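Trainee: sequence first, then the predicted structure, then my questions.
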Amino acid sequence: MNFSEFKKLMGADPLNRDPETLRARQSSPEFEAAAAEAEAFETKLQSALHMRVPADLLEQIKGISGEPVRKRNWIPLALAASFLIVVGAAGIVWKQTHQWDSVESYVAEHYSHDGSKAVGMAGVNMPAQDVARILNRLDATADQQLSGLIRFIKFCPTPNGRGAHMVVSTDQGLMTIIYMPKTQVVDGEMVDFDQMHALLVNLDHGSAAIIGTQSQTVKTMVATLRGSLKTGLVDA
Amino acid sequence: MSTDKDRTNRFNELAEVYSADLYRYAMWICGNDALAKDLVQETFLRAWRALDSLNEMTAAKSWLITILRREYARTFERKVPLFTDIDKVSIADDEELEPDELKERDLLREGILKLEPKYRDPLLLQAIFGHSCAEISEQLGITRSAVMTQLFRAREKLKAQLQKSGVKGNVHELF
């Protein structure tokens, strides 16, 4: 390998450690100097490329693992095909979309899964653009009033697809709101679980569960939520 | 057969190992913080749904990068990203750099953003993910010698940018 070839190799792959490159590097001070300079430039390049990663990114990604997955398993598919012949498609559709026994059990199970953790992660404020980004993906938007109350937000699974899990600041302390864009509930129903309670409310499109401790009056959030969360933007 | 818990653990391991580098990669290809986060989240959402098709964890890095690149291509069809956010998410150890080093770093960043994708793509795969030339060749579907040439030229352009701005540092005189 001559010096020109060596320089090109260092320019393309400065951290190359194959035996031939190492031998060439050690063959003369000129080669060694070129390699050292290439490494020094690489350090600067690494520094320039480095950047902070949003603190909540990993947690939001881990939240994805709650999403329902349709696994491709041929034996159940074959059985389902037979079943289809016998009882028709309706039963199959129900089976594939039914993840929880009811909205009530979903709310209780979902909050038990990571509700307290989300409350624990609620910071002083959540960048408005992060709130907007997540809600926009769900064809919704929060006005300034609601946006200013949100201390944590992430995507979450709901009985019918993806929704948003929010922690909001109120004068009674932190409360949790789960927005379910494609689920309808019995409006005004209360669900009690694990010393918490949830109020289910229908919105223009979809619904929400407002969750708080037994000592919090969750219905105080209803007017704010209905007035500030614009839903179903695609249909509007 | 893996249980749901195994599946979740496997997914979380991928997230812990690769999410930060994927975010940095996404930032450098799109230049927009919100879009980069979206790209990474969509990447992992697709990965979660298709996790059973990933047979070897050793292939996970290239698999995730491929998903992200495809998602970016789809996103780019819908909206043009704004190249404005790199400085907002700049490195946390600014205070440890001397003014000259800061200037040099900023010039390099500017240079990286200005690189044509054919030079920037292999450089990012190598510098962020530690891809070998063979891996870059496979990822981008170009020959290994083309990868070597583009990597060399990418660095040459960055060094030229520094020289043009009067920063000499350790830039080799022959570059």
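Mentor: Yep, it's here.

Trainee: what parts of chain A come near chain B?
Mentor: In this structure, chain A approaches chain B at residues A:7-9, A:11-14, A:34, A:37-38, A:40-42, A:44-54, A:57-58, A:60-62, A:64-65, A:67, A:69, A:71-72, A:129-130, A:133, A:137, A:155, judged by Cβ under 8 Å from any Cβ of the partner chain. C-betas here are computed from N, CA, C, even on glycine.

Trainee: mind checking which of these are in helices?
Mentor: When helices are assigned by DSSP state H, the members of those inside them are A:7-9, A:11-12, A:34, A:37-38, A:40-42, A:44-49, A:57-58, A:60-62, A:129-130, A:133, A:137.

Trainee: okay, residue 127: pLDDT?
Mentor: By default, I'm working from chain A. According to the model's per-residue confidence, residue A:127 sits at a pLDDT of 77.

Trainee: correction: the question concerned chain B.
Mentor: Looking at residue B:127, its pLDDT reads 94.

Trainee: go ahead and confirm it touches residue A:45.
Mentor: Yes. Between residue B:127 and residue A:45 there is a contact at 5.9 Å, judged by Cβ atoms under 8 Å.

Trainee: leaving out the residues flanking it, which one is nearest to the residue most central in space within chain B?
Mentor: Against the mean C-alpha coordinate of chain B, by Cα atoms, centre = their mean, the closest residue is residue B:25 at 2.5 Å. In space, not counting the residues next to it along the chain, residue B:25 is nearest to residue B:128; the distance is 5.2 Å by Cβ to Cβ, 6 or more residues apart in numbering or on different chains.

Trainee: OK, contacts around that neighbour?
Mentor: By Cβ atoms under 8 Å, 6 or more residues apart in numbering or on different chains, the contact set of residue B:128 is A:49, B:21, B:24-25, B:28.

Trainee: export these to a markdown table and tack on pLDDT and secondary structure?
Mentor: Listed next are those as a markdown table, based on pLDDT from 0 to 100; DSSP: H, G, I helix; E, B strand; the rest coil:
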| residue | pLDDT | secondary structure |
| --- | --- | --- |
| A:49 | 90 | helix |
| B:21 | 95 | helix |
| B:24 | 94 | helix |
| B:25 | 95 | helix |
| B:28 | 91 | helix |
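
Trainee: following the chain onward from the helix-or-strand element of chain A with minimal mean pLDDT, which element is next?
Mentor: Here the helix or strand of chain A ranked lowest by mean pLDDT, DSSP states H and E is helix A:89-97, holding a mean of 45. Using DSSP states H and E, the helix or strand that directly follows helix A:89-97 along the chain is helix A:103-121.

Trainee: name the helices or strands packed onto that following helix?
Mentor: Counting by 3 or more Cβ pairs under 8 Å, 6 or more residues apart in numbering or on different chains; DSSP states H and E, the packing neighbours recorded for helix A:103-121 are strand A:150-158, strand A:161-170, strand A:173-180, strand A:190-193, strand A:196-202, strand A:207-213.

Trainee: hmm, try it at 10 Å
Mentor: Using 3 or more Cβ pairs under 10 Å, 6 or more residues apart in numbering or on different chains; DSSP states H and E as the contact criterion, the secondary-structure elements in contact with helix A:103-121 are helix A:57-63, strand A:150-158, strand A:161-170, strand A:173-180, strand A:190-193, strand A:196-202, strand A:207-213.

Trainee: and residue A:182, how many neighbours?
Mentor: Other residues near residue A:182 number 15, with proximity taken as other Cβ atoms under 10 Å in any protein chain shown.

Trainee: residue ranges with poor pLDDT in chain A?
Mentor: Applying pLDDT under 70 to the predicted model, the residue ranges of chain A that meet it are A:67-99, A:234-236.

Trainee: list the contacts for residue A:153?
Mentor: Residues touching residue A:153, when contacts are defined by Cβ atoms under 10 Å, 6 or more residues apart in numbering or on different chains, comprise A:56, A:60, A:118, A:122, A:126-127, A:130-135, A:142, A:147, A:164-168, A:177, A:179.

Trainee: list only buried entries from those.
Mentor: If you count burial by 16 or more other Cβ atoms under 10 Å in any protein chain shown, the buried members of these come out as A:56, A:60, A:118, A:122, A:126-127, A:130-135, A:142, A:147, A:164-168, A:177, A:179.

Trainee: so where is chain B shaky, pLDDT-wise?
Mentor: The model of chain B has pLDDT under 70 over residues B:1-2, B:76-97, B:167-175.

Trainee: quick one: the helices in it?
Mentor: Under DSSP H, chain B gives helices at B:4-30, B:33-49, B:60-78, B:99-114, B:117-129, B:133-140, B:144-164.

Trainee: so what does the residue lying farthest from the centre of chain A look like in phi/psi?
Mentor: Of all residues in chain A, residue A:28 sits farthest from the chain's C-alpha centroid, using Cα atoms, centre = their mean; the distance is 54.1 Å. Comment: the main-chain dihedrals of residue A:28 come out as phi -160, psi 160, following degrees, to the nearest 10.

Trainee: that one against residue A:2, yeah?
Mentor: No. Contact criterion Cβ atoms under 10 Å: residue A:28 and residue A:2 do not qualify, at 11.1 Å.

Trainee: ok so, going back, and which of the contacts of residue B:128 is nearest to residue B:66?
Mentor: Taking Cβ to Cβ as the measure, residue B:25 is the one of these closest to residue B:66, at 11.9 Å.

Trainee: quick check: that closest one touching residue B:31?
Mentor: No. Under the criterion of Cβ under 10 Å, residue B:25 is not in contact with residue B:31, lying 11.9 Å apart.

Trainee: nearest spatial neighbour of residue A:59, chain-adjacent residues omitted?
Mentor: residue A:121 (6.5 Å).

Trainee: what comes up buried for the helix or strand encompassing residue A:24?
Mentor: Counting by DSSP H and E, the element that carries residue A:24 is helix A:19-25. By neighbour count, with 16+ other Cβ under 10 Å as the criterion, the buried positions of helix A:19-25 are A:21, A:24-25.
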